[in-house]
Structure formats: structure tokens, C-alpha cells
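# okay, here's the prediction I keep looking at, along with the sequence it came from:
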Amino acid sequence: MNDPLKREVKPEILDSLPEDHPEALHNRRDLRLINVLMGNFRWFRRTLPGLLRPGDTGLELGAGDGSLGNRLLRSGTLPPGTNIDGLDLWRRPPDWPDSWGWHREDIQAFSGYDRYSFVLANFILHQFTDDELAEIGARLRRNARFILTCETARRAVHLRHLWLLKPLGINRVSWHDARISIRAGFIGHELPGLLGLSRDSWQIRCHTTQLGAHRMIAVRK
């Protein structure tokens, strides 16, 4: 009943929609709701303080509408002077902090990873194939002192959990893309392996929650 599924990476509907399309906007609302229900933003807020150092500058992969970065800033999680730049194909959100940078580029093509001491990724890495993750990992490993990721857990039970979201009014894009995301997600220590994070060089912890969040903390030794 809880066996892992075979990993399959397929296109998501959201990636084909203009960012101001009504269904895309509804999907962003749904994602914020899902993140709250799964406790993903709270997990980042709990985990970051023990890892940050004065002067750290971070990069959020697939920063989207800026929800995570804004939550971290407004909650007081970040020490003064800590910046997080966003990396996404979408335009800079209007409420993204003025002092933070925004790179409207593809994650695979971005050449500025060396500038960042930490990297955050929330519901984005599952969109890449194994080979693409190896390439991304090679770039992340160059300079980042730690990497925090929250992804989807690839188990059949979490597909059934999606039915609990139906009464909350999620739209067809969210329903379709959530199923695609789960089937492209991760189990065990797959993700650090795909990113090329060796235990000789990194302290790695992976954990899957009951609601299907697969979380990784990777800290350089």
C-alpha cells in the first residue's frame, strides 16, 4: 500500500501557462495553501536559524510568487543583513524585498551559483530528470555551505491524500500537477545521491513526513 512508485518526470500544466493566467493565479493560491497544510514554510523557519551565519546570502530556486522568502523575512527568521535572491522564469514579484535580488533565468542555465552561501528549494527539484539533477548538483556543490530542500515524496499513499484537497477548491491545474509532482518525487536518500552530495563531504539528513513532504538538510563538512 505504501510502496514507492517508479520515478517519472512529466510536464506540468503550470509551466505552459502565462504567469497572469487565471488558472496559474489559482494554482499559486493552492500551492500556498498546500505549503501551509504540510508545514513546509514552518520547517524552513525552524531549520534555518541553526545554520545561518552573519553575512550569509542565499538563493531560492524556483522562487515563484515569493511566498517562502517573504514568510522568512516577516517572521524574523533571518538575521539582519541576510539576503535571499530569487531564481525563477517568472517576473520579480511586486512584494519581493527591495534589497533582495531576482534572477529571471532558467535554473539549469544560471551561472551565478558561486555567489551564494546557501540554497533553498521548495517543490521545484522534482521537475528535473536524474541527469538534469546531476548537472544542477554540480553547480550547487561549488560554493554552498548548506542546501535545504522540501520536495514531494514518491509514494502511492500520497496520491490518495490528494483527495483530501478536493473540498478545499483546488483547480484542475493543481490537481493534475500535484499528481505529476508526486510521481516525480523522491524517497530515502535519492535526492542527495542524484545531486552528487557525497557523505564524505556533506552531512545529510533526509526525512519524509506523513503528509508527503520529503525534506533534505545537507551541510558541508
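Nice, thanks for sending it over. What you are looking at is a predicted structure, and each value in this text was computed from that prediction instead of being measured.

# use CA for all of it now, contacts and neighbours both
Will do.

# isn't there a strand covering residue 27?
No. Secondary structure of residue 27 (DSSP: H, G, I helix; E, B strand; the rest coil): helix, not part of a strand.

# got a list of contacts for stretch 74-85?
45, 48-49, 52, 54-60, 69, 72, 99-103 (C-alpha atoms under 8 Å, 6 or more residues apart in numbering).

# which parts of this structure are strands?
For the chain, the strands defined by DSSP state E occupy 57-61, 83-87, 102-103, 118-122, 146-152, 202-208, 213-220.

# show me what counts as buried in the last one.
If I follow you right, that is strand 213-220. Neighbour counts over strand 213-220 (16 or more other C-alpha atoms under 10 Å) mark 213-220 as buried.

# so what's the residue nearest the centre of the chain up against?
Ranked by distance to the mean C-alpha position of the chain (C-alpha atoms, centre = their mean), the top residue is residue 122 at 1.5 Å. Counting by C-alpha under 8 Å, 6+ apart, residue 122 touches 61-62, 149-151.

# from the residues you listed, which is closest to residue 205?
Checking the contacts of residue 122 against residue 205 by C-alpha to C-alpha gives residue 149 as the nearest, at 10.7 Å.

# residue ranges in the protein under the pLDDT threshold?
Within the chain, the stretches with pLDDT under 70 are 1-3.

# would you list every one of the helices in it?
For the chain, helices defined by DSSP state H occupy the ranges 22-38, 40-47, 67-74, 130-140, 156-161, 172-183, 190-194.

# Serialize these to TSV and add fields for distance to residue 118 and mean neighbour count.
TSV is the format used below for the helices of the chain (distance: least, C-alpha to C-alpha, whole Å; neighbours: other C-alpha atoms under 10 Å):
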stretch	distance to residue 118	mean neighbour count
helix 22-38	21	16
helix 40-47	13	16
helix 67-74	13	17
helix 130-140	9	18
helix 156-161	29	16
helix 172-183	24	20
helix 190-194	15	18
